[in-house]
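Chemist: Below is the sequence, then the predicted model.
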Amino acid sequence: MKLTIKIVLSGFLGCVVLTSADNLYPIDGYELTGIRRLKRLELIMAGELKEGKPISGAQKSISDIKLNLLGAKGDSLEALPATDAKFQKSVNALFPNLDESYSLALLDITPGRPMRYASRKENLQYQPGSVGKIAVATGFFAELSKIYPDSFDQRRALLRDRSVRAGKWAMYDEHTVPIFDLETRKQVKRTVVETDVFSLYEWLDHMLSVSNNGAASVCWREAVLMRVFGKDYPTLTEEQADEYFRTTPKSQLSEIANSVVNDPLRALGITTDEWRLGAFFTKGAGSFIPGKGGSIGTPSGLMKYLVAMERGQVVDSASSLEIKRMLYMTDRRIRYAAAPQLATAAVYFKSGSLYSCKQEEGYQCGKYIGNVNNYMNSVAIVEHTDGTTYLVVLMSNVLKKNSASDHAALASSIDRICKLK
C-alpha cells in the first residue's frame, strides 16, 4: 500500500509501503499546532459537529500524555532486560498454530511491579514498510533541534507557521489525506497534488496519521534542507531549495539523506542491522535523491526505539513527547490496534506493510496477500486505565494471506498476558 503528499521543495523515491489508518494527534491540539483536522475533532467533542466521537481510549488530552520511563524509572534500561521466564512461556504459547514468519518483542512496564520482557525471533529482519516513517520523524526533529537548540517553543512555532508545497516529491500516492475547511466546517479526503501547501506540522501529521507516502517524502526532504541550510532554513525559499537539489550531485544527496534519518537511530544504540531506512517513499522523491542501503527492521531494534522514546532520549525529552503525541491514535484503529480489548486503552501506534507478487498458477495477486513478500508490521504502546502499560513490536511475513485479523487476535492475547500478574 502506498502514500503521497506535497511541499515547498521536491521529493524522493521510496518503498511501496502501507500503514495504519488514522493515528491522530491529541484532539485538543489545534491551538498549539494549527493542524486543521484537529479543529474538526475538537468541534465533534464539543457537540458542534454532529459526527461520531472517537472511542474512549482515543479521547486523551495533550496534558494526559506522558513519557513512562523518565528519570529513575528508565535508568535500568540502557539495554533491553533479560527474558522473564514465566512471561516468555506465556508468549511462546501464542504461536503453536501460526506461521513461523512471526516475530515479537514485548516489554511490560506497568507501574508498581517488576518489568517483564519476552521475545520471539526478535533479531529477524523484515522490510519495515511505513513503520520507517517514525525514523523520518526522528530525523526531522533531530535537525529541527539544531536550528533552535534551546527552545522547543521556537521549534513548535516553525512547525506551525512554515508552510511548504508538495511539488513532485509527493507524487504519487493513491491514498487520501483529510483537509478540513475552518470556515465551512467541511472535511474532504483526497489524494495530494503537486500544488498542495501544508504547514510542517500538517505534513508530519499526514505522514504519521494516515501514513501518506508523499507526506513522508516531503518531511524527509525538509529534514535534509534543515541539515544543509541550518539557521537559514526558516527563511529558505522554494526556489533556493530547488536550486540546491538541481545542482548537488545525487550521490552526495543520498549520503546526506541517509545520514539524516539513520544517524539519530545509531545515537540510540540501534545498529544498522536492527533498523535502517534506505529510500524515499515516493517515486517522485526518488527522482531527486536515489535510495541507499535498503530498509531493514527488527523487533529488537524497534523495541529499543520505543524504550528510548519513553525515556525521553529520542533527540530530547520534548521531542520524544511530541513524537509520542503524534503517534496517539484517536480515530479508526486497524490491524494490531483493532483488537476490541484495546478500545478503552490509549494506543500509540504505527503500522506498515509491503507486499510483492509473481506469477503463480492458481494464484491472483492482491493487496496484503503477496506471494513473494507479504510484510505486515506494527509497533504500539498500550496504556490501560487500570495502569497496565506495555510496549510491543509485532512483525510478520506470511505469504498469500492478509494477516490483519491474526495481528488483532494476537493483540488480544498479548493484552491478556500483560494483565496477568
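Modeler: Yes, it's here. What you are looking at is a predicted structure, and each value in this text was computed from that prediction instead of being measured. Numbering: from 1, shown residues only.
Chemist: Which residues are in contact with the spatially most central residue of the chain?
Modeler: Centroid-nearest residue in the chain: residue 134, 3.9 Å away (criterion: Cα atoms, centre = their mean). Contacts for residue 134 (Cβ atoms under 8 Å, 6 or more residues apart in numbering) come out as 208, 305, 323, 327, 350, 379. C-beta coordinates here come from the backbone N, C-alpha and C atoms, glycine included.
Chemist: any chance you could map the strands in the stretch 51-200 of the chain?
Modeler: Listed in chain order, the strands of the stretch 51-200 of the chain (DSSP state E, counting those that start in this stretch) span residues 102-108, 116-120, 163-165, 176-181, 186-191, 197-199.
Chemist: can you put those in CSV and add distance to residue 412 and mean pLDDT?
Modeler: Shown next, in CSV, are the strands of the stretch 51-200 of the chain (distance: least, Cβ to Cβ, whole Å; pLDDT from 0 to 100):
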stretch, distance to residue 412, mean pLDDT
strand 102-108, 14, 97
strand 116-120, 17, 97
strand 163-165, 41, 98
strand 176-181, 29, 94
strand 186-191, 30, 94
strand 197-199, 36, 98
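Chemist: Tell me which of those approaches residue 50 most closely.
Modeler: Residue 50 lies closest to strand 186-191 among the strands of the stretch 51-200 of the chain, at 13.1 Å (Cβ to Cβ).
Chemist: What strands flank the closest one, and is each parallel or antiparallel?
Modeler: Applying DSSP bridges, strand 186-191 is found paired with strand 176-181 (antiparallel).
Chemist: Any chance of the backbone angles for the residue of the chain positioned farthest from its centre?
Modeler: Most distant from the centre of the chain: residue 361, at 36.5 Å, with distances by Cα atoms, centre = their mean. Main-chain torsions, residue 361, degrees, to the nearest 10: phi -60, psi 130.
Chemist: What about residue 358, how many residues nearby?
Modeler: Residue 358: 9 surrounding residues under other Cβ atoms under 10 Å.
Chemist: and what of residue 356?
Modeler: Neighbours of residue 356 under the rule other Cβ under 10 Å: 13.
Chemist: From what I see, it and residue 369 are in contact.
Modeler: No: under the criterion of Cβ atoms under 8 Å, residue 356 makes no contact with residue 369, lying 11.0 Å away.
Chemist: Name the residues contacting each of these two.
Modeler: Here residue 356 and residue 369 share no contacting residue, scored by Cβ under 8 Å, 6+ apart.
Chemist: Low-confidence stretches in this structure?
Modeler: 1-24, 98-99, 330-331 (pLDDT under 70).
Chemist: just the helices in it please.
Modeler: 30-33, 36-45, 85-92, 133-147, 152-161, 200-209, 213-229, 238-247, 250-267, 283-286, 299-310, 317-326, 404-419 (DSSP state H).
Chemist: Residue 71 is nearest to which of those?
Modeler: Set against residue 71 and scored by Cβ to Cβ, the helices of the chain come closest in helix 317-326, at 9.9 Å.
Chemist: any idea of the angle the closest one forms with helix 200-209?
Modeler: Calculated by axes from the mean of the first three to the mean of the last three Cα atoms, to 10 degrees, helix 317-326 forms an angle of 60 degrees with helix 200-209.
Chemist: Not counting helix 317-326 itself, show me its contacts.
Modeler: Applying Cβ under 8 Å, 6+ apart, the set of residues contacting helix 317-326 is 23, 25-26, 29, 62, 65-67, 70, 134, 137-138, 141-142, 144-145, 152, 155, 204-205, 208-209, 308-314, 348, 381.
Chemist: quick one on the thing from earlier: of the helices of the chain, which is nearest residue 191?
Modeler: Of these, nearest to residue 191 by Cβ to Cβ is helix 213-229, at 8.4 Å.
Chemist: Check which helices and strands that closest one sits against.
Modeler: Helix 213-229 is packed against helix 133-147, helix 200-209, helix 238-247, helix 250-267, helix 283-286, with contacts defined by 3 or more Cβ pairs under 8 Å, 6 or more residues apart in numbering; DSSP states H and E.
Chemist: from the chain's centre, how far out does that helix sit?
Modeler: The chain centre lies 15 Å from the centre of helix 213-229; the measure is Cα atoms, centre = their mean, to the nearest Å.
Chemist: buried ones in that helix?
Modeler: 213-229 (16 or more other Cβ atoms under 10 Å).
Chemist: now stretch 182-201
Modeler: Neighbour-count burial for stretch 182-201 flags 191-192, 194, 196, 198-201 (criterion: 16+ other Cβ under 10 Å).
Chemist: Same list, the residues you listed, but as CSV with distance to residue 172 please.
Modeler: Converted to CSV, the buried residues of stretch 182-201 look like this (distance: Cβ to Cβ, whole Å):
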residue, distance to residue 172
191, 8
192, 9
194, 10
196, 13
198, 17
199, 22
200, 22
201, 24
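Chemist: tell me which of those is nearest to residue 410?
Modeler: Relative to residue 410, the closest of the buried residues of stretch 182-201 is residue 191; by Cβ to Cβ it sits at 32.3 Å.
Chemist: For the residue nearest to that closest one when sequence neighbours are not counted, the count of nearby residues, please.
Modeler: Spatial nearest neighbour of residue 191, excluding adjacent residues (Cβ to Cβ, 6 or more residues apart in numbering): residue 176 at 5.6 Å. Here the number of neighbours of residue 176 (other Cβ under 10 Å) works out to 16.
Chemist: I'd like to know how far residue 176 sits from residue 62.
Modeler: 26 Å (Cβ to Cβ, to the nearest Å).
Chemist: quick one: contacts for residue 230?
Modeler: Contacts for residue 230 were tallied using Cβ under 8 Å, 6+ apart; they are 146-147.
Chemist: ugh, wrong one, I meant residue 386
Modeler: Residue 386 neighbours (Cβ under 8 Å, 6+ apart): residue 419.
Chemist: Got phi/psi on it?
Modeler: The phi/psi pair for residue 386 (degrees, to the nearest 10) reads phi -90, psi 0.
Chemist: could we number from 39 for the rest of this?
Modeler: Yes, from this point I'll number from 39; that puts the last item at residue 424.
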